[in-house]
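>>> here's my sequence, what's the structure:
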Amino acid sequence: MSGPLPLPEVTLSPGSVALVGGGPGALDLITVRGLQLLQQADVVVVDRLGPVGLTQLLGEEVEVIDVGKTPGHPSRSQEEISALLVEHARAGRRVVRLKGGDPFVLGRGGEEVLACRAAGLEVQTVPGVTSAIAGPAAGDVPVTHRGTAVALHVVNAHGDLGPADLAALKDPGTTTVLMMGVEWLPRLVAQATLNGVDPATPVAIVQSATMPEQRVARGTLATIEERAMEAGIGFPAVITVGRTAAEGFLAPPSVPGPERGAGREAVDAPPAAERSSAAVPVLIGCAHGTRLREGRDVIRAILRRVAAQLPAVPVREAYVDVQTPELPDVVAAHAPVSTAVRTREDEHAAAAVVVPLLLSTGFHVGQDVRRAVAHHDAVAAGPLGPDPRLATVMAQRLAEAGATAEDQVVMAVAGTRDAGGQAMAAEMGALLGAQLGREVTVGFISAATPSVGEAVAAVRARAGRDARVAVANYLLAPGFFHLQLEAAGADVVAAPLGDHPLIAEIIVDRYQQMAGG
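Reported below is the predicted structural model:
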């Protein structure tokens, strides 16, 4: 057979929409079918990361509309983009939606198709080359390799990782590609390592794949943040995690693949060194969950600080409400079932030590934590407070918020119906008063009295209407309770305790007391 290949007939009808996938920008990659549709367009709606160079080949009569989304800058919403497609198609124009990568791989192509079809429009879709594959490839990272990786897991990493994502990261036969996650790299690393993903797992980051400014950073989960900073990595970038991301994976001399098989049975088992068998108890830091991303980041930053102080101790995260992983699941994963009741006289250390990242006793410490360790080879430490070091941190946060030595102080506590927890709050207020050298009034955000607002009002009534009142924040991290404090009527509201070396020091102390260290 000789001569040019016959091209298929492709038509873009007036009043219809075509979603056309592209590829990495420097290649201006597009299929023959996609190019034919583009050449018939009256209107082209293009992404920032799409093959925009192709639009220069269009006639002056073609309207090109840039709807690209740039992180941190105002941009059109998805609803506005969909409405734009519908508007132009209803006006009888032939519309091409030129996408970066494949429209249906984290490209919101499905939303646009649904919006157009709901408006009664004809829609056709042309697949593209997703950067989830092309990006790593441009950095010499194969996402699959016989005998090494036989599965590919693609994640929208603009938020927390889910259980399936964490399972993929732990699986030696799976390559995980994290999209839109470079800005959140510390969060992703923290969540992965605090959920048992091996810190030695290789990681590669490719920025601006195929472009002249392409950069590549390689390392492991333990080192990739530093390597990315050294390389000046920014967005857009694709993060690849797995054994094929290792430095020199494709450099000769290569290791021959298995003689037979290409599936899961052909995947090499990880070396024995990769398998951990902790000789020390696992530290499970158990916090109250939050829907606020900033609060989750604070908890993980604290636990990473703890892990740095205890390099030989596996450190895991767990939560008693709102957030996963849930405490009973984490305890069950690290502490075998045991019918014996542990005592302080036991000769061997427990398999796991739960350290509540909670400030006083209450329902969660007395019920949730106790139930989680019951019938397991695990023990639980007491809450973090009261402790003079917490008073030191609160005093620092007050100063950072602009409080002065003349301000009246109310200490805001989350609140509990537990009498013991309320007594702990009063003790902590006395410790803060000793730290500041003045009286501190305790107020509760919920479940106990007086409320923070009532405490602020009482202090003003006692000190005078013109007295300034500062709220010391006896919360560990931002969340629902923290947001309530703005309505308390104070002049100054300090930040929560947050990520602080003294907080990590208290957690380490609680762990070592229970582990016998």
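
>>> when you work out contacts or count neighbours from here on, use the C-alpha atoms and nothing else.
OK.

>>> strands of the stretch 401-517 of the chain, start to end?
408-413, 440-444, 469-474, 492-493 (DSSP state E, counting those that start in this stretch).

>>> so how far is residue 213 from residue 248?
Plainly put, residue 248 is 21 Å away from residue 213 if you go by Cα to Cα, to the nearest Å.

>>> what's the answer for residue 309, then?
Applying Cα to Cα to residue 309 and residue 213 gives a distance of 38 Å.

>>> related to what we said a few turns ago, quick one: closest of the strands of the stretch 401-517 of the chain to residue 253.
strand 469-474 (58.3 Å; Cα to Cα).

>>> for the chain, give me the ranges with low pLDDT.
1-8, 24-29, 49-53, 69-74, 254-262, 270-278, 339-347, 517 (pLDDT under 70).

>>> pipe the strands of the stretch 401-517 of the chain into a markdown table and attach distance to residue 236 and mean neighbour count per row.
Shown next, in a markdown table, are these (distance: least, Cα to Cα, whole Å; neighbours: other Cα atoms under 10 Å):
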| stretch | distance to residue 236 | mean neighbour count |
| --- | --- | --- |
| strand 408-413 | 42 | 27 |
| strand 440-444 | 45 | 24 |
| strand 469-474 | 38 | 27 |
| strand 492-493 | 37 | 22 |
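
>>> which one of those lies closest to residue 515?
Of these, nearest to residue 515 by Cα to Cα is strand 469-474, at 27.2 Å.

>>> what's that closest one packed up against?
helix 388-400, strand 408-413, helix 452-463, strand 492-493 (3 or more Cα pairs under 8 Å, 6 or more residues apart in numbering; DSSP states H and E).

>>> try it again with 7 Å
On a contact count with 3 or more Cα pairs under 7 Å, 6 or more residues apart in numbering; DSSP states H and E, strand 469-474 meets helix 388-400, strand 408-413, strand 492-493.

>>> circling back to that earlier point, need the strands of the stretch 401-517 of the chain in CSV (columns: distance to residue 351).
Shown next, in CSV, are the strands of the stretch 401-517 of the chain (distance: least, Cα to Cα, whole Å):
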stretch, distance to residue 351
strand 408-413, 33
strand 440-444, 36
strand 469-474, 31
strand 492-493, 41
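
>>> nearest to residue 503, out of these?
Taking the strands of the stretch 401-517 of the chain one by one with Cα to Cα, strand 469-474 is closest: 12.3 Å.

>>> quick check: angle from the closest one to helix 388-400?
Computed with axes from the mean of the first three to the mean of the last three Cα atoms, to 10 degrees, the direction of strand 469-474 lies at 140 degrees from that of helix 388-400.

>>> quick check: angle from strand 469-474 to strand 440-444?
Per the same axes, to 10 degrees, the angle that strand 469-474 makes with strand 440-444 is 60 degrees.

>>> distance of residue 432 relative to residue 385?
Counting by Cα to Cα - residue 432 and residue 385 are separated by 12 Å.

>>> those two: which has the busier surroundings?
Taking other Cα atoms under 10 Å, residue 432 and residue 385 do not tie; residue 432 has more neighbours (27 against 21).

>>> show me the contacts for the more buried one.
Contacts for residue 432 (Cα atoms under 7 Å, 6 or more residues apart in numbering) come out as residue 391.

>>> how near is it to residue 514?
Taking Cα to Cα, one finds residue 432 at 27 Å from residue 514.

>>> that older thread, who's more crowded, residue 248 and residue 213?
Ranked by neighbour count (other Cα under 10 Å), residue 248 and residue 213 place residue 248 first, with 13 against 8.

>>> sec struct for residue 125, please.
At residue 125 the chain is in strand, as set by DSSP: H, G, I helix; E, B strand; the rest coil.

>>> for the closest residue in space to it that isn't next to it in sequence, give me its contacts.
Excluding the flanking residues, the one nearest residue 125 by Cα to Cα, 6 or more residues apart in numbering is residue 19, at 4.7 Å. Neighbour list for residue 19: 96-98, 103, 124-126 [criterion: Cα under 7 Å, 6+ apart].

>>> so can I have a markdown table of those showing neighbour count?
Listed next are these as a markdown table, based on neighbours: other Cα atoms under 10 Å:
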| residue | neighbour count |
| --- | --- |
| 96 | 29 |
| 97 | 26 |
| 98 | 30 |
| 103 | 26 |
| 124 | 14 |
| 125 | 19 |
| 126 | 20 |
